[in-house]
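> 3D model of this:
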Amino acid sequence: MPSHIIPGLLAAIAAMAAPAALAAPPVAPGEDVQAAVDATEPGGTVELLPGLHRGPVRLERTVALVGRDGAVLDAGGQGSVVFVTAEGAAVRNLALRGSGSDHVAMDSGVYLERTARGALVEGNRIEGNLFGVYVHGAPDAVVRGNRITGRRDARTSERGNGVTVWNAPGARVEGNDVRYGRDGIFVVTSRQNVFSGNRFRNLRFAVHYMYTNDSEVSGNASIGNHVGYAIMYSQRLRVTGNLSDGDRDNGMLFNYANQSEISGNHVRGRSAFRDESRTPGAAEDREHTALATPEVGGAHPGKCVFIYNSNRNRFVGNRFEACGIGVHFTAGSEGNTITGNAFIANRTQVKYVGTRHLDWSRDGRGNYWSDNPAFDLDRDGIADAAYRPNDLVDRVLWTAPRAKILLNSPAVQVLRWAQSQFPAILPGGVVDSHPLAVAPPAPDSAPEWRP
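This is a model prediction of the structure:
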């Protein structure tokens, strides 16, 4: 054979052999998973056969740890089930159980260290661990399509979160089903994150934001949690197309949240989540559901949205219905645009504790109020009279709750009549100068939830 052909032939043989070198034999139950990982070249895959495998496992090279259906990896109560330090590593299609219980060590089903840039956690069943997935500074990590079930053997405050994101720019959490534990997603000191298409049940907060900017929360569903979406100390967010169904205290809570867009969300205080008898874990859920979705006079006693010291936000095209309070607006929030929303069948549409006059109309268009009796004689879609959700009696009741005993007294009726005849004596507060005469359709971007 001519000598000049030999190098090319050897290169071709090496190229054909390279894929085979990446294909390690599957790991059977009882075999050493860590040894198999350590023996796999970067870019390769370690496949676990159905059955129980012993962890914990560390991924310190760029490999994919993948399970066939029925593969279980159990850490036996020690550390994180899978601890990832390698950039681009992946954990897929595994049942992950048995993490430790050390909050300081952040024991998790999957722990992504800050060096694990672009790591992928996908399609796993992450069950009964302290934390589900902990993204500890791993930029551009993706947590997608997992079913995460937290612990129920401790008080809520002592449990871990379904997904925790700390200082991980570009991280995405998408299409996961999270229940039990503390918070569904807890993010702190991060930016440019996307949390989209997730479902949350039986939690304290579905999504909990702290000091995280320039990010998106979209298309998620929160069902029967204490609070749906708690946005705190964060700026320039897009909170759009989310559903809050029967969350106990607040559907949405904004505390020191600024310059954000809140649009197309649907908050239902009176939950449609009723028939849990067909869902997994139904017996365990009944007590929580009963607590999370009580009805008083047809409305949930909680708040659809609570706005506290939050400035220059846009609340547009949302639907807030069947809550004890539609919007609780307080503590010096300035420069917010609140228009094109629908307030339907809330016991109290607005609770505003302040003396300033706030007009919730913009460019001749306000909001829809289900209890507004005004006419629309010119049929332009705008009611012919301004709407005021609160009056002087409301202010008295908020500052002196014991005054409720006088609510049906002749003196109160005379005072309300006088206010209607002489608007100048009305206190400062919210007024919608151009209320909508017809309710906008329910946001079609907010996901419906089915058992």
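
> which stretches of the stretch 301-450 of the chain form strands?
314-316, 319-321, 323-330, 337-339, 342-344, 348-352, 358-359, 368-369, 430-431 (DSSP state E, counting those that start in this stretch).

> so which of those strands gets nearest Glu41?
strand 314-316 (51.2 Å; Cβ to Cβ). No exception for glycine: its C-beta is placed from N, CA and C like everyone else's.

> will you turn the strands of the stretch 301-450 of the chain into JSON lines that also has distance to Arg97 and mean neighbour count?
Below are those laid out as JSON lines (distance: least, Cβ to Cβ, whole Å; neighbours: other Cβ atoms under 10 Å):
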{"stretch": "strand 314-316", "distance to Arg97": "42", "mean neighbour count": "20"}
{"stretch": "strand 319-321", "distance to Arg97": "40", "mean neighbour count": "24"}
{"stretch": "strand 323-330", "distance to Arg97": "38", "mean neighbour count": "24"}
{"stretch": "strand 337-339", "distance to Arg97": "46", "mean neighbour count": "21"}
{"stretch": "strand 342-344", "distance to Arg97": "44", "mean neighbour count": "23"}
{"stretch": "strand 348-352", "distance to Arg97": "45", "mean neighbour count": "22"}
{"stretch": "strand 358-359", "distance to Arg97": "52", "mean neighbour count": "16"}
{"stretch": "strand 368-369", "distance to Arg97": "49", "mean neighbour count": "23"}
{"stretch": "strand 430-431", "distance to Arg97": "51", "mean neighbour count": "20"}
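
> now render those strands as TSV, adding mean pLDDT and distance to Gly381.
Output for these, formatted as TSV (pLDDT from 0 to 100; distance: least, Cβ to Cβ, whole Å):
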stretch	mean pLDDT	distance to Gly381
strand 314-316	97	16
strand 319-321	96	17
strand 323-330	92	21
strand 337-339	95	13
strand 342-344	96	13
strand 348-352	89	20
strand 358-359	88	18
strand 368-369	94	10
strand 430-431	86	19
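
> reformat the ones you listed as TSV; add distance to Glu261.
Compiled in TSV, the strands of the stretch 301-450 of the chain are given as follows (distance: least, Cβ to Cβ, whole Å):
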stretch	distance to Glu261
strand 314-316	5
strand 319-321	16
strand 323-330	17
strand 337-339	10
strand 342-344	17
strand 348-352	21
strand 358-359	19
strand 368-369	20
strand 430-431	21
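
> among the ones you listed, which comes closest to Pro410?
That would be strand 348-352 among those, by Cβ to Cβ, at 23.1 Å.

> now that closest one and strand 323-330, what's the angle there?
Following axes from the mean of the first three to the mean of the last three Cα atoms, to 10 degrees, one obtains 20 degrees for the angle between strand 348-352 and strand 323-330.

> hey, where'd the helices end up in the chain?
With helices called from DSSP state H, the chain shows them at 6-22, 33-38, 282-292, 392-399, 410-421.

> out of the strands of the stretch 301-450 of the chain, nearest to Pro440?
Of all those, strand 342-344 comes closest under Cβ to Cβ, at 5.5 Å.

> helices or strands up against the closest one?
When contacts are defined as 3 or more Cβ pairs under 8 Å, 6 or more residues apart in numbering; DSSP states H and E, strand 342-344 packs onto strand 319-321, strand 368-369.

> lowest-confidence stretch among the helices of the chain?
Across the helices of the chain, helix 282-292 has the smallest mean pLDDT, namely a mean of 39.

> give me the neighbour count for Arg347.
16 (other Cβ atoms under 10 Å).

> one more: Leu377?
9.

> contact partners for it?
Contacts for Leu377 (Cβ atoms under 8 Å, 6 or more residues apart in numbering) come out as Asp384.

> what separation is there between it and Asp432?
Computed as Cβ to Cβ, to the nearest Å, the Leu377 to Asp432 distance reads 18 Å.

> now do Val142
Counting by Cβ to Cβ, the gap from Val142 to Asp432 is 43 Å.

> do the same with Asn255
From Asn255 to Asp432 the distance is 24 Å (Cβ to Cβ).

> point out where this protein drops to low pLDDT.
1-23, 271-300, 331, 354, 390-409, 411-428, 445-451 (pLDDT under 70).

> rerun at 50
Residues of the chain that meet the criterion pLDDT under 50 lie in 5-7, 9-22, 274-297, 392-393, 397-398, 425, 451.

> spatially central residue in it, please.
Val207 (3.1 Å; Cα atoms, centre = their mean).

> can I assume that residue is in contact with Met232?
No: in this structure Val207 lies outside contact range of Met232 using Cβ atoms under 8 Å: 10.9 Å.

> ok, now which ones touch Glu47?
Glu47 sits next to Ala24, Pro26, Val27, Val66, Gly67, Arg68 when contact means Cβ under 8 Å, 6+ apart.

> same check on Gly30?
Arg54.

> how close does it sit to Val57?
Gly30 is 15 Å from Val57, by Cβ to Cβ.

> for stretch 91-102, output the C-alpha coordinates as CSV.
Extracted in CSV, the C-alpha atoms of stretch 91-102 (Å, rounded to 0.1, in the frame of the first residue of the first chain):
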residue,chain,number,x,y,z
VAL,A,91,-29.3,14.1,34.1
ARG,A,92,-32.3,12.6,32.4
ASN,A,93,-35.1,10.2,32.9
LEU,A,94,-34.2,9.0,36.4
ALA,A,95,-36.1,8.6,39.7
LEU,A,96,-33.9,10.4,42.2
ARG,A,97,-34.4,9.8,45.9
GLY,A,98,-32.8,9.7,49.3
SER,A,99,-30.9,13.0,49.6
GLY,A,100,-29.5,14.1,52.9
SER,A,101,-31.2,16.6,55.2
ASP,A,102,-28.5,19.2,55.6
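
> give the buried residues for that stretch.
Across stretch 91-102, burial judged by 16 or more other Cβ atoms under 10 Å covers Val91, Arg92, Asn93, Leu94, Ala95, Leu96, Arg97, Gly98, Ser99, Gly100.
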